[in-house]
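> Predicted model, plus sequence, below.
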Amino acid sequence: MLTLDFSAQDVAATRFACSRLLEVVTSVQVLKDPGAKAVHLPWVRRTRERLAAAGVRYDLLSQLVPMPAWHLPGFLIPMPSATAPDLETELALLASTTPAAVRTGLAPLAEPLPPLVAALRADPGAGIARLVAEVRAYWAVAVAPYWPRIERLAEGEILYRARRMAAAGPAALFEGLHHKVSWRDGRLTLAQRRYDIEERLDAGRGLVLVPCAFIWPGMVWQSGNAGQPGLVYPPRGVATLWETTGPAVPEGLARVIGRTRARLLAELAAPASTTELAARTGLSPANVSHHLTALRGAGLTARHRTGRTVLYARTEASELLLDGR
């Protein structure tokens, strides 16, 4: 068990970020052990075929990502310094990894190292260049086609957590984050270590919270880099990520507010845009917008702008209605 003591400065410095590189790394784990991450099986079936058809090789990346994942090299999963860096920004950071950082990151791995990992340790410059090329090719085929829906899921999670914190403070921010995470009296506890360890976050650096779809059902604590430490965890709604059929619509609610509006509320398990809801439901964007406006007027949805996109989210009132209470 790892217990982290937060100062007031740490709480103030805590922020959210998304990472394309982290999705790449954790998606490789899914391909290597899909049975442990069954939610992603529809993606696994499609992606294995796409990778084979494109002739994409990612042998070094695969050898660096073991299953079970008891250790991931720190240089492979740096915490994002920006809120949502693009892939090339993250690859530039990976490409700048020093030989010392490579060897430090590989040190905890058991000997003998897999052949390509041993070659990376022996010649970090050539190995990192190969790794960057593999990640770029893998991303284009395996993750990029699905990135918009993954990004929307992460953005929805961030909006949800921000609303919780605004309403009830830091304790609400961490509530329900992950079944192994708990917050009490300014201390964050991660029940993922075999031994009890207590740490204090250094110099008020705070924490980076990174919602990551492919990490489900686990989480990753990263504290080895020079930047902020980070907690990578699955966002709410991961189970709906690959669904092709809509969620169940409560019949009682449909009789009261209409099936279309009840369906839209059911679809908002994670915040979504008008365009996304139109694609899922088969309604026109104008029709979706009309119903969302009515739901918003009744206090059942809230509207948030993220960059150029407007996302709709369920309110606490609609959550209670969908729960049948």
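Great, that's in hand. It should be emphasised that the depicted structure is a prediction, and the values quoted were computed from it without experimental measurement.

> Follow the chain on from the helix or strand where Ala172 lies and name the next helix or strand.
Here Ala172, judged by DSSP states H and E, is contained in helix 170-174. Under the assignment DSSP H and E, the closest C-terminal helix or strand after helix 170-174 is strand 181-184.

> Show me what counts as buried in that next one.
Buried residues in strand 181-184, counted by 16 or more other C-beta atoms under 10 Å: Val181, Ser182, Trp183. (C-beta placed from N, C-alpha, C; glycine too.)

> Bridged to the last one, which residues?
The residues listed as beta-bridge partners of Trp183 by DSSP bridges are Leu188.

> how about it, what does it touch?
Going by C-beta atoms under 8 Å, 6 or more residues apart in numbering, Trp183 touches Pro170, Ala171, Leu173, Phe174, Glu175, Thr189.

> now do the second one
The neighbourhood of Ser182, defined by C-beta under 8 Å, 6+ apart, consists of Phe174, Leu188, Thr189, Ala191.

> ok, it to Pro145 distance?
36 Å (C-beta to C-beta, to the nearest Å).

> Next: the first one.
To Pro145, Val181 is 31 Å away according to C-beta to C-beta.

> Pop out the phi and psi values for the spatially most central residue of the chain.
By C-alpha atoms, centre = their mean, the chain has its centre lying nearest to Cys212, at 1.3 Å. For Cys212, the backbone dihedrals (degrees, to the nearest 10) come out as phi -140, psi 120.

> From what I see, it and Leu21 are in contact.
No. The pair Cys212 / Leu21 is not scored as a contact, 10.2 Å apart, by C-beta atoms under 8 Å.

> And for Asp323, the neighbour number?
As a burial measure, Asp323 scores 8 neighbours (other C-beta atoms under 10 Å).

> So which residues of the stretch 151-300 of the chain form helices?
Secondary structure of the stretch 151-300 of the chain (DSSP state H, counting those that start in this stretch): helices located at 170-174, 251-257, 259-267, 274-281, 285-297.

> What residue, apart from its backbone neighbours, is nearest Val117 spatially?
Counting by C-beta to C-beta, 6 or more residues apart in numbering, Gln63 is the residue found nearest to Val117 once chain neighbours are left out, at 5.0 Å.

> ok now do the one you found, which residues does it touch?
Pro114, Pro115, Leu116, Val117.

> For these, work out which two are farthest apart.
Pro115 and Val117 (7.3 Å; C-beta to C-beta).

> Tell me which of those two has more neighbours.
A direct count of neighbours by other C-beta under 10 Å for Pro115 and Val117 places Val117 higher, at 18 against 11.

> Looks like the more buried one contacts Leu61 (just checking).
No. Val117 lies out of contact with Leu61 (C-beta under 8 Å); the separation is 10.4 Å.

> what's the distance between Thr242 and Leu51?
Residue 242: Trp, not Thr. 17 Å.

> How many residues are close by Arg45?
Arg45 has 12 neighbours, counted by other C-beta under 10 Å.

> ugh, wrong one, I meant Pro99
13.

> Am I right that it is in contact with Gly127?
No. Pro99 is beyond contact range of Gly127, at 9.5 Å (criterion: C-beta under 8 Å).

> returning to that earlier point: nearest to Leu321 among the contacts of Trp183?
Once C-beta to C-beta is applied, the member of the contacts of Trp183 that ends up nearest Leu321 is Glu175, at 21.1 Å.

> can you pull the contacts of that closest one?
Counting by C-beta under 8 Å, 6+ apart, Glu175 has contacts Arg164, Trp183.

> Please report how far it lies from Glu316.
When distance is defined by C-beta to C-beta, Glu175 is 14 Å away from Glu316.

> do Leu76 as well
39 Å.

> More neighbours: those two, which one.
Comparing Leu76 with Glu316 by neighbour count (other C-beta under 10 Å), the higher total belongs to Leu76, at 20 against 13.

> so who does the more buried one touch?
Counted by C-beta under 8 Å, 6+ apart, Leu76 has contacts Leu21, Val25, Leu64, Val65, Leu94, Gly105, Leu131.

> Could you find the closest non-adjacent residue to the first one?
Yep, that's Leu21 we're talking about. Sequence neighbours aside, Glu90 is the residue nearest to Leu21 in space, at 4.2 Å (criterion: C-beta to C-beta, 6+ apart).

> now do the fourth one
Spatial nearest neighbour of Val65, excluding adjacent residues (C-beta to C-beta, 6+ apart): Val28 at 4.6 Å.

> thought the one you found was touching Asp59?
No. When contacts are counted by C-beta under 8 Å, Val28 is not listed as touching Asp59 (10.9 Å).

> who has more neighbours, the two?
Val28 (23 against 12).

> The more buried one: what secondary structure?
helix (DSSP: H, G, I helix; E, B strand; the rest coil).
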